[in-house]
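S.K.: Show me how the following folds:
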Amino acid sequence: MIHLRFLSGADVDDLAITDAEVIAAVESVVGAHGRGETVFEPRTHLVPDNGGAGHFNILRGHVSTLGEHGLSGVKVVGDFVPNYLRGLPSELALMTVYDPTTGVPLAIMDATLITEVRTGAMTAVGAKYLARPDAKVLGHVGARGTAFANVTMLDSLFPWRRSG
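M.R.: Model prediction:
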């Protein structure tokens, strides 16, 4: 029997995943990637005929260190900057997760928050290893959800000095 789990955005929010948990998960997968235990294919783009309102990024990957046999997944991220005019996030995402030994779909989930915090955590993991140990000032240029996540994830790792 196939049991397909569905996680809405509210379900993901209810998990109350902490910044520290996200950073640890990303750091673990970056390590797996360094050991050759992942497959991350180049993202592709779907640009619909919508007058430039937005496009979709399609990301595909496999991480051997997740679960008993690893997990494979496909994430589609809609990047629609004008969505703020409709009260919607500019980046919306949906992820499907599969058993790599059978192809059985395991989950369909709203990946909007996951996309934001994963992006921020990747920045934080990079800074953890590459920033000067005495770094106290953060300069950031960017907007939208992933930019906010960059700053909040970095803030959870570094003792920034307030200026002004």
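S.K.: Going by C-alpha atoms from here, please, whenever you check contacts or count neighbours.
M.R.: Fine.
S.K.: counting contacts, what elements does the helix or strand of the chain with the lowest mean pLDDT pack onto?
M.R.: The least trusted helix or strand in the chain, going by mean pLDDT, DSSP states H and E, turns out to be helix 144-155, with a mean of 83. Helices and strands touching helix 144-155, by 3 or more CA pairs under 8 Å, 6 or more residues apart in numbering; DSSP states H and E, are helix 112-130.
S.K.: circling back: helix 112-130 and the least confident helix or strand of the chain, what's the angle between them?
M.R.: Between helix 144-155 and helix 112-130, the angle comes out at 40 degrees (axes from the mean of the first three to the mean of the last three CA atoms, to 10 degrees).
S.K.: Report the distance from helix 144-155 to the chain centre.
M.R.: Chain-centre distance of helix 144-155: 12 Å, with CA atoms, centre = their mean, to the nearest Å.
S.K.: same thing with stretch 72-91?
M.R.: 13 Å.
S.K.: Now do that stretch: everything it contacts.
M.R.: 53-63, 92-100, 111-112, 144-145 (CA atoms under 8 Å, 6 or more residues apart in numbering).
S.K.: Check those residues for burial and list the buried ones.
M.R.: By neighbour count, with 16 or more other CA atoms under 10 Å, these hold 54-56, 58-63, 92-100, 111-112, 145 as buried.
S.K.: Out of the residues you listed, list just those in strands.
M.R.: 55-56, 58-63, 92-98 (DSSP state E).
S.K.: Closest one of those residues to Val26?
M.R.: Using CA to CA, Val63 is the member of those that sits closest to Val26, with 11.4 Å.
S.K.: Count the neighbours of the nearest residue to the closest one once chain neighbours are set aside for me.
M.R.: Nearest residue to Val63, sequence neighbours excluded (CA to CA, 6 or more residues apart in numbering): Thr38, at 4.5 Å. Residue neighbour count, defined by other CA atoms under 10 Å, stands at 21 for Thr38.
S.K.: same deal with the one 4 residues further on?
M.R.: The burial count assigned to Pro42 is 10, neighbours taken as other CA under 10 Å.
S.K.: on that earlier part again, what residues are up against the residue nearest to Val63?
M.R.: Val29, Ala32, Gly61, His62, Val63, Ser64.
S.K.: Nearest to Pro159, out of those: which one, please.
M.R.: Val29 (25.2 Å).
S.K.: and the strand or helix carrying the closest one, how far from the chain's centre?
M.R.: If you go by DSSP states H and E, Val29 is part of helix 19-34. Chain-centre distance of helix 19-34: 11 Å, with CA atoms, centre = their mean.
S.K.: next one: stretch 52-72
M.R.: On CA atoms, centre = their mean, the centre of stretch 52-72 falls 10 Å from that of its chain.
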